[in-house]
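Peer 1: Test case, fold it:
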Amino acid sequence: MAPSSWLPLFFLALYQLALPVEAAAKASPVVGNICRVDDAELFHVYYGQSFKVIKNSIDGKSYLLMQSNSRMAARTKYCTGRIKSFVVPLSNYSVDTTNLPVSFFELLGLLDNFKAMTSDQITSECVLKLLVIGSIQLVNKKDMQQLSQFTAHFISNVEEEQACNFAAFVPLDERTPLQRAEWIKYLATFTNSEVRANSVYDAVKANYICLTKVAASLTTKFKPIVAWVDYNQGIWSFAKESYKLQYVRDAGGENIDDTVSDNSYNISDPDDMDNFHAILCTVDVVIDQTYALDPAEYKLSTFLENMDTGDSSRFVFLTNQRLWRYDKRVYNSVIVDWFDGAISQPQLVLADLMEAFFPTGNYNTTFFRNLAKDEGVITINPELCDRSPSTPMDPTIVPCQ
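Peer 2: Coordinates of the predicted model:
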């Protein structure tokens, strides 16, 4: 066969070989805007060519998120006990603000499509501002018809009745501060904001890890012993939440022994209180997390009265002025930012605790106030929103060397 006759066949064969390669390339998932879950344990995200799947370990559901420009979005709808589908990015959404931190929405810059919430009892200045000007409306959390107008309604209580557009958002169930903060990636998948979520979380995590290294260098031979205490209906007890204990370790402190923290102490029982006072005599730092109807009215005298002691000189944490509460930022005299902003920005909590454990006197805490020094609360209001709500809120990075 002459060379000129087999050349066309050769190039035709090359073209045919290239076809499967090109088809395979087209079928590969789009990986430019993805989140990889590194720390959180209670959700996972999987990516396809035109869809994402979130597996939520809290409510046991899989959320199928279909890109709005895909054929799948136009013809697929799931609403079963185990699968729900949403078209993303969400065009609008509402939020059940009961125990659901809205600061994640601010960090992602999602307030333009934040159209409704179930309560104004939140600690975000800019979300409150949008409520005041009418960009966000209040809705009844029990009115399913009213909530059905939104493409998604985010909830934190997965035990209640759920409509097809309900989506669980439950960072509070994670065990460590960084695991809770990484739920910004969960929210980002609903809005195609993965690039922003990665950027925010990477900055938060890097700052947190840097601070833990600084805290380790501050620790002397004996770490300060720290106790989270709570008074409720005549009973004193110690906090056992794993994320609080993790904060203490990361800030360079040492938690009280588990054999002690498992006990409770009745104020009407003299033996109980004698034991409780004895334990507190060994503690260097106390964080009082007792619920207060009005945090501004909770003072050192309140703590001492609940302690049923007239002699505070025997307690090292009082003589050294290391009695703290995490209710420094408050809205409407009731709602505490510890349950919102502190979840999405754990590096600020860590910096606060480092100041509590190793006081310098030149660091202004964000969430904690020193009860022993009569520090009061900061009242949150819409006027404190000093940026355009449409602009993403940047995380506050603590100087770390």
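Peer 1: who's in contact with stretch 45-57?
Peer 2: 27-31, 34-37, 41-44, 62-67, 69-73, 88, 168, 170, 185-186, 189 (C-beta atoms under 8 Å, 6 or more residues apart in numbering). Using the backbone N, CA and C atoms, a C-beta is placed for each residue, glycine as well.
Peer 1: pull the longest strand from the protein.
Peer 2: Ranked by residue count and defined by DSSP state E, the top strand of the chain is strand 225-232.
Peer 1: buried sites along it?
Peer 2: 225-231 (16 or more other C-beta atoms under 10 Å).
Peer 1: elements contacting that strand?
Peer 2: Counting contacts by 3 or more C-beta pairs under 8 Å, 6 or more residues apart in numbering; DSSP states H and E, strand 225-232 is packed against strand 235-238, helix 242-250, strand 254-255, helix 270-280, strand 285-288.
Peer 1: Determine the three-state secondary structure at the nearest residue to residue 345 once chain neighbours are set aside.
Peer 2: In space, and not counting its chain neighbours, residue 345 is closest to residue 395: 5.6 Å by C-beta to C-beta, 6 or more residues apart in numbering. Under DSSP: H, G, I helix; E, B strand; the rest coil, residue 395 falls in the coil class.
Peer 1: wait, residue 395 sits on residue 205?
Peer 2: No - counting by C-beta atoms under 8 Å, residue 395 stays clear of residue 205, with 10.2 Å between them.
Peer 1: Name the residue in the two with the higher neighbour count.
Peer 2: Each of residue 395 and residue 205 has its neighbours counted (other C-beta atoms under 10 Å); residue 395 has more, 21 against 18.
Peer 1: confidence score at that one?
Peer 2: Model confidence at residue 395, expressed as pLDDT, equals 98.
Peer 1: And for residue 310?
Peer 2: 68.
Peer 1: now residue 368
Peer 2: pLDDT, read off for residue 368, is 98.
Peer 1: so which helix or strand takes in residue 167?
Peer 2: In this assignment (DSSP states H and E), residue 167 forms part of strand 166-168.
Peer 1: tell me the contacts of residue 243?
Peer 2: Going by C-beta under 8 Å, 6+ apart, residue 243 touches 174-177, 179-180.
Peer 1: any idea how far residue 395 lies from residue 272?
Peer 2: Here the distance between residue 395 and residue 272 works out to 43 Å (C-beta to C-beta, to the nearest Å).
Peer 1: sorry, back to before: contacts for the longest strand of the chain, please.
Peer 2: Residues from elsewhere that reach strand 225-232, judged by C-beta under 8 Å, 6+ apart: 236-239, 244, 248, 253-256, 261, 267, 279-280, 282-291, 306, 357.
Peer 1: same thing but 6 Å
Peer 2: 237-239, 244, 248, 253-254, 256, 283-290, 306 (C-beta atoms under 6 Å, 6 or more residues apart in numbering).
Peer 1: now swap in stretch 168-182 and tell me
Peer 2: Against stretch 168-182 from outside (C-beta under 6 Å, 6+ apart): 39-40, 42, 56, 58-59, 154-156, 158, 183, 201, 204-205, 242-243, 246, 343-344, 346.
Peer 1: returning to that earlier point: using a markdown table, please lay out the contacts of residue 243 together with distance to residue 374 and pLDDT.
Peer 2: Below are the contacts of residue 243 laid out as a markdown table (distance: C-beta to C-beta, whole Å; pLDDT from 0 to 100):
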| residue | distance to residue 374 | pLDDT |
| --- | --- | --- |
| 174 | 34 | 98 |
| 175 | 34 | 97 |
| 176 | 33 | 98 |
| 177 | 28 | 98 |
| 179 | 35 | 98 |
| 180 | 31 | 98 |
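Peer 1: How many residues are close by residue 175?
Peer 2: Neighbours of residue 175 (other C-beta under 10 Å): 14.
Peer 1: Confirm that it sits in a strand.
Peer 2: No - going by three-state DSSP, the assignment for residue 175 is coil, not a strand.
Peer 1: Show me which parts of stretch 382-394 are buried, residue by residue.
Peer 2: Applying 16+ other C-beta under 10 Å to stretch 382-394 flags 382, 385, 389, 392-393 as buried.
Peer 1: one step back: which of the contacts of residue 243 count as buried?
Peer 2: 174, 176-177, 179-180.
Peer 1: Which of those sits closest to residue 312?
Peer 2: residue 177 (31.3 Å; C-beta to C-beta).
Peer 1: Which two of the buried ones among the contacts of residue 243 have the greatest separation?
Peer 2: That would be 174 and 177, which, of these, are the farthest apart (C-beta to C-beta) at 8.6 Å.
Peer 1: Tell me the spacing between the most centrally placed residue in the chain and residue 101.
Peer 2: By C-alpha atoms, centre = their mean, the chain has its centre lying nearest to residue 343, at 3.1 Å. Separation of residue 343 from residue 101 (C-beta to C-beta): 5 Å.
Peer 1: By mean pLDDT, point me to the weakest helix or strand of this structure.
Peer 2: helix 3-27 (a mean of 39; mean pLDDT, DSSP states H and E).
Peer 1: Next SSE downstream of that helix?
Peer 2: With secondary structure assigned by DSSP H and E, helix 3-27 is succeeded by strand 43-47.
Peer 1: tell me the mean pLDDT over that next one?
Peer 2: The model assigns strand 43-47 a mean pLDDT of 97.
Peer 1: Quick one: end-to-end distance for stretch 93-112.
Peer 2: 10 Å (C-alpha to C-alpha, to the nearest Å).
Peer 1: State the mean pLDDT of that stretch.
Peer 2: For stretch 93-112, the mean pLDDT works out to 96.
Peer 1: tell me which residues of it are tucked away?
Peer 2: 93-97, 100-111.
Peer 1: do stretch 69-80 as well
Peer 2: By neighbour count on 16+ other C-beta under 10 Å, the buried set for stretch 69-80 is 70, 73.
Peer 1: what about the closest residue in space to residue 313 that isn't next to it in sequence, how many neighbours?
Peer 2: The shortest distance from residue 313 to any non-neighbouring residue, by C-beta to C-beta, 6+ apart, is to residue 319 (6.2 Å). Neighbour count for residue 319, taken as other C-beta under 10 Å: 11.
Peer 1: What distance do you get for residue 319 to residue 94?
Peer 2: Applying C-beta to C-beta, the value for residue 319 to residue 94 is 50 Å.
Peer 1: With residue 259 instead?
Peer 2: 46 Å.
Peer 1: Work out the gap between stretch 338-348 and the centre of the chain.
Peer 2: 6 Å (C-alpha atoms, centre = their mean, to the nearest Å).
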